[in-house]
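Undergrad: Pasting the sequence and the predicted coordinates here, then a few questions.
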Amino acid sequence: LPWLGEHCSERSCKQLDFLPLKCDACGEVFCKDHIRYDDHKCSSAYKKNVQVPVCPLCNTPIPVQKGEIPDIVVGAHIDKDCKYNPAQQKQKIFTNKCTKPGCKRKEMMKVVCEQCGSSFCIKHRHPLDHDCRGSSQPISKA
């Protein structure tokens, strides 16, 4: 029954396949083993295989026009438009210094006293712990 199926278009295969698959890029017929673009070395794969390269430094997607080589476009982005800042990677996390005299602790998040409005560490966050002068009435020691 050779008239029922079609032969694989891959030169090394030519297998008679009763359920042939047509490549959506080049339009040739292949068996299940050679339907992928890489398996039959499709010359038209660039039309369908659309991938957006990402800058390795700033993690920004780089648009590539048809026919352009992605490596060259990414290289040009790195040379001209890249917003990568190596100093930004080394920013300090603990920047909120405690304002209690003698305390040198720093916190990641700002802890502000509701009464005096100053920034303190976790240890001195309560008004009684930092001798708060913001309110005239003392807060209970509970």
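TA: That came through, no problem.

Undergrad: pLDDT weak spots in the protein?
TA: Within the chain, the stretches with pLDDT under 70 are 1-2, 49, 85-93, 135-142.

Undergrad: Which stretches in it count as strands?
TA: If DSSP state E is used as the criterion, the strands of the chain fall at 6-7, 16-17, 21-22, 29-30, 96-97, 106-107, 111-112, 119-120.

Undergrad: Quick test: name the residue nearest the centre of this protein.
TA: Central residue check for the chain by Cα atoms, centre = their mean: the C-alpha nearest the mean position is that of residue 59, 5.6 Å away.

Undergrad: ok, that residue to residue 7 distance?
TA: Residue 59 sits 46 Å away from residue 7 when distances are taken as Cβ to Cβ, to the nearest Å. For glycine as for every other residue, the C-beta is placed from the backbone atoms N, C-alpha and C.

Undergrad: ranking the strands of the chain by burial, who's on top?
TA: Relative to the other members of the strands of the chain, strand 119-120 carries the highest mean neighbour count by mean count of other Cβ atoms under 10 Å, namely a mean of 22.

Undergrad: which outside residues touch it?
TA: Outside strand 119-120, the residues that touch it by Cβ atoms under 8 Å, 6 or more residues apart in numbering are 96, 97, 98, 99, 100, 103, 110, 111, 112, 113, 129, 130.

Undergrad: can you give me how far that strand is from the chain middle?
TA: 34 Å (Cα atoms, centre = their mean, to the nearest Å).

Undergrad: about what we covered before: can you add distance to residue 63 and give the strands of the chain back as a markdown table?
TA: Converted to a markdown table, the strands of the chain look like this (distance: least, Cβ to Cβ, whole Å):
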| stretch | distance to residue 63 |
| --- | --- |
| strand 6-7 | 39 |
| strand 16-17 | 39 |
| strand 21-22 | 30 |
| strand 29-30 | 31 |
| strand 96-97 | 40 |
| strand 106-107 | 42 |
| strand 111-112 | 44 |
| strand 119-120 | 44 |
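
Undergrad: so which of these comes closest to residue 74?
TA: When these are compared by Cβ to Cβ, strand 29-30 sits nearest residue 74, at 32.0 Å.
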